[in-house]
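**Q** one predicted model, sequence on top.
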Amino acid sequence: MGERSAAIDAVRVVGMVAVVAGHVWINPETRQWLYTWHLPLFFILTGYLWSGRRGIKGEAAVRARTLLVPYACWFAIIASITWGFQLVQGTFNPRVAAGQVWGGPLQSEPFWAFWFPTALFVATILYVPVSRLALPWQWCVALALLIVTAYVPGTQLAFLPLAIGQGLGAFVFVVAGQTLRRAQARMNRDGVVGPSMLAGGVALVLLFPDSFVDVKGLHFGVPVVGILTAVLIGGGLIVTARAYLSRMPRPLSVTVVWLSMSSLVVMFVHVPIASALDALGDGSVAGLLITIVASWALGLALVALPAAWFLTGARGAAPRVNDTSSVDSAATRPERA
């Protein structure tokens, strides 16, 4: 297994905690403060960590192993349990089940978060050829896709199978991540720029409280404002982490890396776990903490078993942690964003 940046992994963990919180705390405040950046963050990381070393075939093979195989396995496991109980109770609805298989916004509980891995796969594969263009042309492609998917009425791209439309719409965040990477290479005051970006994002949330981003629904808020808010907060977290978390003590770094490696499992299981604990949408701190602990405990247990790679997307020996002050080290683990 390649080297990883604990600072970047810390950002992943923060993002995943926000995702879990968004499903345990279902209220307008959560939508305003978390939805705008928590899942866009992972698309931004994909562009930020992009290495460009693989072609479409190689990238598809890696992403299929790390995203699609776990998706299929967890879907089969959770669907078998959920539909089995529903059949016994007489509440099974074939139309609802068909929507859950189809994907995207039709994936109702307990599959609320399942749209994300397939959307990320789509955005990543699309970026292979687009990444070879000059950055201004990359933005032209990204903005054209955003306009078509999110702002042109009647396109219905949100309902393409397996969240293809969401991947196309969120592609703008991948390009934003690559832009941040190139800009950061010229920065010499990350410790100031990162917090300033975060402050700018928070200011936009306060000024435009209804301009939240919900990628699953292809809702990007007020044009420009929603995207800019997500990029400022997501990018600010990355730059701030690189500035202040790149020198963590080794035991803490290793812990953060393992938590990050388990985050895909958390993505798949936190909704059914919260539902089983009757914590889904209850808005309590206790419900959130129990869901986080239970989800990550399962994730850590599975990541520790190399043979369970088909459930975790992680394969191989324990990772090596490598953080330096150079932005170049951000690409130490490019294949997992």
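**A** That came in fine, so what should we check first? Residues are numbered from 1 along each chain as shown.
**Q** so where do the helices sit in the stretch 201-337 of the chain?
**A** Secondary structure of the stretch 201-337 of the chain (DSSP state H, counting those that start in this stretch): helices at 225-244, 250-261, 263-276, 285-303, 309-312.
**Q** residues of the shortest one that come out buried?
**A** Across helix 309-312, burial judged by 16 or more other Cβ atoms under 10 Å covers W309, L311, T312. (Glycine included, C-beta is placed from N, CA and C.)
**Q** between those residues, which sits nearest L41?
**A** T312 (20.1 Å; Cβ to Cβ).
**Q** hang on, that closest one packs against A301?
**A** No: with contact defined as Cβ atoms under 8 Å, T312 does not reach A301; the gap is 9.9 Å.
**Q** contact partners of stretch 246-263?
**A** 4-7, 9-10, 12-13, 16, 296, 299-300, 302-303, 312, 314, 319, 321, 323-325 (Cβ atoms under 8 Å, 6 or more residues apart in numbering).
**Q** now stretch 66-82
**A** 97, 100-101, 110-111, 114, 117-118, 120-121, 264-265, 268-269, 272, 310-314, 335-336.
**Q** out of the residues you listed, which end up buried?
**A** 100, 110-111, 114, 117-118, 120-121, 264-265, 268-269, 272, 311-314, 335-336.
**Q** burial measure for T30, as a count.
**A** Number of residues near T30 (other Cβ atoms under 10 Å) recorded here: 19.
**Q** that one against A18, yeah?
**A** No: using Cβ under 8 Å, T30 makes no contact with A18, being 9.1 Å away.
**Q** any idea how far L245 is from I238?
**A** With the distance defined as Cβ to Cβ, to the nearest Å, I238 ends up 10 Å from L245.
**Q** and for S51?
**A** S51 is 22 Å from L245, by Cβ to Cβ.
**Q** so these two - more neighbours on which side?
**A** Remark: of S51 and L245, L245 carries more neighbours, 19 against 12, as counted by other Cβ under 10 Å.
**Q** OK, contacts around the spatially closest residue to the more buried one that is not a sequence neighbour?
**A** Once flanking residues are discounted, L245 sits nearest to A7: 4.1 Å by Cβ to Cβ, 6 or more residues apart in numbering. Counting by Cβ under 8 Å, 6+ apart, A7 makes contact with A241, R242, L245, S246, M248, D323.
**Q** quick one: the fourth one from G194, how far?
**A** Relative to G194, S246 is positioned 12 Å away (Cβ to Cβ).
**Q** same check, this time on the fifth one
**A** Counting by Cβ to Cβ, the gap from M248 to G194 is 16 Å.
**Q** give me the more crowded residue out of those two.
**A** G194 (22 against 18).
**Q** setting the sequence-adjacent residues aside, check what's closest to S275.
**A** Leaving aside its chain neighbours, S275 sits nearest to P110 (5.5 Å; criterion: Cβ to Cβ, 6+ apart).
**Q** then the one you found would be within a helix, right?
**A** No: secondary structure of P110 (DSSP: H, G, I helix; E, B strand; the rest coil): coil, not part of a helix.
**Q** could you list every residue that touches it?
**A** Counting by Cβ under 8 Å, 6+ apart, P110 makes contact with I78, T82, V271, P272, S275.
**Q** kindly export the strand or helix carrying the second one (C-alpha atoms) in PDB.
**A** Using DSSP states H and E, T82 falls within helix 69-89. Taking C-alpha atoms only, helix 69-89 is exported to PDB below (Å, rounded to 0.1, in the frame of the first residue of the first chain):
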ATOM      1  CA  VAL A  69     -17.200  -3.600  -5.800                       C
ATOM      2  CA  PRO A  70     -17.900  -2.400  -2.200                       C
ATOM      3  CA  TYR A  71     -21.000  -0.700  -3.500                       C
ATOM      4  CA  ALA A  72     -22.400  -3.900  -5.000                       C
ATOM      5  CA  CYS A  73     -21.500  -6.000  -2.000                       C
ATOM      6  CA  TRP A  74     -22.900  -3.700   0.600                       C
ATOM      7  CA  PHE A  75     -26.000  -3.200  -1.500                       C
ATOM      8  CA  ALA A  76     -26.600  -6.900  -1.700                       C
ATOM      9  CA  ILE A  77     -26.100  -7.300   2.000                       C
ATOM     10  CA  ILE A  78     -28.300  -4.500   3.100                       C
ATOM     11  CA  ALA A  79     -31.000  -5.100   0.500                       C
ATOM     12  CA  SER A  80     -31.200  -8.800   1.500                       C
ATOM     13  CA  ILE A  81     -31.700  -7.900   5.200                       C
ATOM     14  CA  THR A  82     -34.100  -5.000   4.500                       C
ATOM     15  CA  TRP A  83     -36.200  -6.600   1.800                       C
ATOM     16  CA  GLY A  84     -36.300  -9.800   3.800                       C
ATOM     17  CA  PHE A  85     -37.700  -8.100   6.800                       C
ATOM     18  CA  GLN A  86     -40.200  -6.200   4.700                       C
ATOM     19  CA  LEU A  87     -41.400  -9.400   3.000                       C
ATOM     20  CA  VAL A  88     -41.900 -11.000   6.400                       C
ATOM     21  CA  GLN A  89     -43.800  -8.000   7.600                       C
END
